[in-house]
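Participant: Got a sequence here, can you model it:
(one chain, ligands or ions: 2)
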Amino acid sequence: MTYQEFYNNSMADPTAFWKAQADAIDWFEKPSDISFKDENSLYRWYKGGQLNTSHLALDYHVANGRGDQPAIFYDSPVTDTKETITYAQLLDRVARFAGVLKAQGVEKGDTVIIYMPMIPQTVVAMLACARLGAIHSVVFGGFAAHELAIRINDAKPKLILTASAGKEINRVIDYMKIVNPALDEAEHQVQGVIVYQRDILEAPLKEGRDFDWDVLLADAEPADCVPVESTDPLYILYTSGTTGKPKGIVRDNGGHAVAMKFSMKYIYGVEPGEVYWAASDVGWVVGHSYIVYAPLIHGCTTVLYEGKPVRTPDAGAFWRVLEEYGVSVFFTAPTAFRAIKKEDSEAKLKAQYDTSKLRYLFLAGERCDVSTLEWCQDVLQVPVIDHWWQTESGWPMLANMAGVELLPVKPGSAGKPVCGYDLKVVGPDGEPVPPNTEGAVVIRLPLAPGTLPNLWQDTARFIDSYLSPYPGYYFTGDGGYIDEDGYVFITGRIDDIINVAGHRLSTAEMEEVVAAHPLVAECAVIGVHDDLKGQIPVGFVVLKAGADIADAELEHELIKMVRDQVGPVASFKKATVVQRLPKTRSGKILRRIMRHIVDGKPYNPPSTIEDMSVLPELEAQVREAQV
Ligand code: COA
Ligand code: AMP
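Facilitator: Residues are numbered from 1 along each chain as shown. Ligands and ions are numbered 1, 2, ... in the order given. So this is what the prediction gives:
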């Protein structure tokens, strides 16, 4: 079947289409209804279906002859460690750790925060929660204590699972120095903290609150899978919104499992038994879906890589991993290849490695610039597929569905809509715009299975953020256009979210921190172009009258504040003092115009601008500060 026929089927009869896809997973109880609306009139999938995601990822495969197949290749150049874990071994570890959680009182429907690095224990922790029907919320290790505290208050976890340390290229990250202040700051009090002690650092444990992972594990009884409803949450993953408060994206069990399985076969074109590698972090949605759940549900071997594309130890690291594990399909963010290209522009190190098992390279997480795409094609000699999705969708919405029919690659486009997604580009009136005309990217409801059904305990915000802007559609927050051949080009966020090295960040969160400096009267943080990271945040601050501080000193203090409160991942390294910020007469800061000024792009000031003379003044200051 061609892509177009397959896609048309999914649009013509979604119920039949997603019923057939649901048959690919091992339900305890098959769903009675494929698609329905819940008590909030929101679309849901697979009513009455009962399953367990840990069963699908582990028990099912062990029962069906994959026990001795590697489930995980753990490769950690930062700690010089490698480990192969078979499906049978992973099942044993997960069942026993689920026993630990059960003994701590964790039950179906409880929440558990996981703040851990890229180690096998993190995967075990996620699957152990899933096994009990508990809802995990993984927090990325690059976020600071304050961000962790926000998530603790919102998710209200019974337990926190953590490790003594993470390892970055240049330093060991002492996790308890983040967990302790986060717990001090949070209003919600957890019942306990389970700490995995790594060889690189031994964490001091607080009597009565903290427990040693291995000590608890030594006496644990393995726990069985608890059947859950298809609509029960599997996890909450917080992602940046347009305010200082992150959004708790909810993922259900049933739709997610079906979507994961479907995407491996039909988008990534990978077979059970093959090796699939997503070079990301389990703290992001890419890590949830394509390091942990999809490869395991599909019976692949996943690579868990605790390292960077460069400097661990060199720009040949990715080629080495591709060869060593015989990776068939590889997925990462374009920024990773820009980093490699910067250090080894002719990919000389590639000559040392045989990557002939690789069939496809998939890129996502940020816009893929054409030169990076072409460089990857030249170096790897396989189709390089840009595809587009977001934390909310949990899996691709635009792609080149390699498992169905590989369409010609159009550089700059993230491909065509994936089955189940009725994607449109609309104008301000909510009506679809003609081909090659830019507008807001929206998806007609219902969204495909596996996408967010709601925000964690905040239906009003869910409706307000995603459903209200364009009635009948889900609003993605991205802008783009569709060309005459139906290829979609994503041009970037049309809200105040920025994308730094493939990491999604909120400028509003950074502004809250910068504005809290005692000498700052007002500020704007905007994302400006960066050759390596795509975008980086830059702060523009107006000082309070009479403030007496050197610009460099203020910048240093603001950088430290953002690093301490949002985290190093924000990459906030530049703040500049300006006289005034451009605003509308109603006081709204014109961030889009500021972005254009900094990126040296033409702009049209809106008629609502308060004072036109601020623009040349700002241009001069930006030039002087070399932003
Ligand atoms: N724990 C603690 N700190 C972390 C961290 C973690 N898990 N992850 C990143 N950081 C820190 C980094 O050490 C760095 O600190 P520094 O300012 O002291 O140098 C800072 O956060 C910024 O990190 P990053 O943006 O990753 O920059 P980098 O210079 O370390 O690496 C790349 C740049 C491009 C090599 C890297 O971002 C990368 O490989 N990205 C692509 C893959 C990816 O993960 N994409 C995510 C979605 S697919
Ligand atoms: P996240 O929720 O962290 O996965 O970030 C999602 C956002 O990243 C999207 O809304 C886009 O703005 C951006 N993004 C992801 N993939 C792509 C892509 N292939 N092309 C352009 N932008 C992308």
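Participant: Please name every helix or strand in contact with the lowest-mean-pLDDT helix or strand in the chain.
Facilitator: Ranking every helix and strand in the chain by mean pLDDT, DSSP states H and E puts helix 614-625 at the bottom, with a mean of 90. The criterion is 3 or more CB pairs under 8 Å, 6 or more residues apart in numbering; DSSP states H and E, and the helices and strands that helix 614-625 contacts are strand 575-577, helix 591-598. Using the backbone N, CA and C atoms, a C-beta is placed for each residue, glycine as well.
Participant: which bits of the stretch 101-250 of the chain sit near ligand 2?
Facilitator: Residues of the stretch 101-250 of the chain that fall close to ligand 2, judged by CB under 6 Å from any ligand atom: Thr239.
Participant: just the strands in the stretch 101-250 of the chain please.
Facilitator: Listed in chain order, the strands found in the stretch 101-250 of the chain under DSSP state E, counting those that start in this stretch are 111-115, 135-138, 159-163, 165-167, 172-174, 192-196, 210-212, 228-229, 233-239, 247-252.
Participant: any idea of the mean pLDDT in the fourth one?
Facilitator: I take that to be strand 165-167. Across strand 165-167, pLDDT averages out at 98.
Participant: One more: the longest one?
Facilitator: Along strand 233-239, the predicted confidence averages to a pLDDT of 98.
Participant: got the angle between that strand and strand 247-252?
Facilitator: For the pair strand 233-239 and strand 247-252, the angle between their directions (axes from the mean of the first three to the mean of the last three CA atoms, to 10 degrees) equals 160 degrees.
Participant: elements contacting strand 233-239?
Facilitator: Helices and strands in packing contact with strand 233-239 are listed as helix 120-132, strand 135-138, helix 145-155, strand 247-252; criterion 3+ CB pairs under 8 Å, 6+ apart.
Participant: can you list contacts of the least confident helix or strand of the chain?
Facilitator: If you take CB atoms under 8 Å, 6 or more residues apart in numbering as the criterion, helix 614-625 is touched by 576, 578-583, 593-594, 597-598, 605, 609.
Participant: Likewise for stretch 87-102?
Facilitator: With CB under 8 Å, 6+ apart as the test, stretch 87-102 has contacts from 54, 58-59, 61-62, 66-72, 85, 112, 120, 123-125, 127-129, 131-132, 134, 159, 194, 213, 216-217, 220-224.
Participant: Just give me how far the longest helix anywhere in the chain sits from the chain centre.
Facilitator: Longest helix in the chain, counting residues (DSSP state H): helix 87-103. Centroid separation for helix 87-103 versus its chain: 26 Å, with CA atoms, centre = their mean, to the nearest Å.
Participant: what's the angle from it to helix 120-132?
Facilitator: Using the same axes, to 10 degrees, one finds that helix 87-103 and helix 120-132 are set 70 degrees apart in direction.
Participant: Domain map for this protein?
Facilitator: Taking automatic domain parsing as the domain assignment, the record places the domains of the chain at 3-307+387-473, 497-625.
Participant: By pLDDT, give me the weakest of the contacts of helix 614-625.
Facilitator: The member of these with the lowest pLDDT is Pro605, at 87.
Participant: Helix or strand: which one has that residue?
Facilitator: Per DSSP states H and E, Pro605 falls between elements, in no helix or strand.
Participant: coming back round to it: same list, the contacts of stretch 87-102, but only the ones touching ligand 1.
Facilitator: Among the contacts of stretch 87-102, no residue sits close to ligand 1 (CB under 6 Å from any ligand atom).
Participant: follow-up on the earlier one: want to throw the strands of the stretch 101-250 of the chain into a markdown table with mean neighbour count?
Facilitator: Written out in a markdown table, the entries for the strands of the stretch 101-250 of the chain read as follows (neighbours: other CB atoms under 10 Å):
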| stretch | mean neighbour count |
| --- | --- |
| strand 111-115 | 25 |
| strand 135-138 | 26 |
| strand 159-163 | 27 |
| strand 165-167 | 23 |
| strand 172-174 | 16 |
| strand 192-196 | 23 |
| strand 210-212 | 17 |
| strand 228-229 | 22 |
| strand 233-239 | 25 |
| strand 247-252 | 25 |
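Participant: Flag the shaky bits of this structure, pLDDT-wise.
Facilitator: Counting by pLDDT under 70, the chain contains no low-confidence residues.
Participant: can you list the residues of it near ligand 1?
Facilitator: Close to ligand 1, as judged by CB under 6 Å from any ligand atom, the chain has residues 141-142, 166, 168, 173, 279-281, 284, 286, 308-310, 332-333, 335-336, 339, 365, 501-503, 568-569, 571.
Participant: Which of the contacts of helix 614-625 ranks first by neighbour count?
Facilitator: Comparing the contacts of helix 614-625 on neighbour count, Pro582 comes out first with 26 neighbours (neighbours: other CB atoms under 10 Å).
Participant: got the contact list for it?
Facilitator: Contacts of Pro582 by CB under 8 Å, 6+ apart are 589-590, 593-594, 605, 609-610, 614-615, 618.
Participant: Repeat that for Gln579.
Facilitator: For Gln579, the contacting residues are 542, 614, 617, 621, by CB under 8 Å, 6+ apart.
Participant: Could I get the phi/psi values of it?
Facilitator: phi -70, psi -40 (degrees, to the nearest 10).
Participant: so how far is ligand 2 from it?
Facilitator: Here the criterion is CB to the nearest ligand atom, to the nearest Å. By it, Gln579 lies 32 Å from ligand 2.
Participant: still on that earlier bit, so of the residues of the chain next to ligand 1, which ones are in strands?
Facilitator: When strands are assigned by DSSP state E, the members of the residues of the chain next to ligand 1 inside them are 166, 173, 332, 503.
Participant: Quickly check the residues you listed for the two that are furthest apart.
Facilitator: Taking CB to CB, the two most distant members of these are Ile173 and Thr332; they sit 21.9 Å apart.
Participant: how about the nearest residue to Pro432 once chain neighbours are set aside, secondary structure?
Facilitator: In space, not counting the residues next to it along the chain, Pro432 is nearest to Lys424; the distance is 4.8 Å by CB to CB, 6 or more residues apart in numbering. Three-state assignment for Lys424 (DSSP: H, G, I helix; E, B strand; the rest coil): strand.
Participant: returning to that earlier point: of the strands of the stretch 101-250 of the chain, which is nearest Gln50?
Facilitator: Among the strands of the stretch 101-250 of the chain, strand 228-229 comes nearest to Gln50, with 6.3 Å by CB to CB.
Participant: The closest one packs against which elements?
Facilitator: In terms of contacts (3+ CB pairs under 8 Å, 6+ apart), strand 228-229 is packed against strand 50-51.
Participant: let's see it at 10 Å
Facilitator: Using 3 or more CB pairs under 10 Å, 6 or more residues apart in numbering; DSSP states H and E as the contact definition, the elements that strand 228-229 packs against are strand 50-51, helix 120-132.
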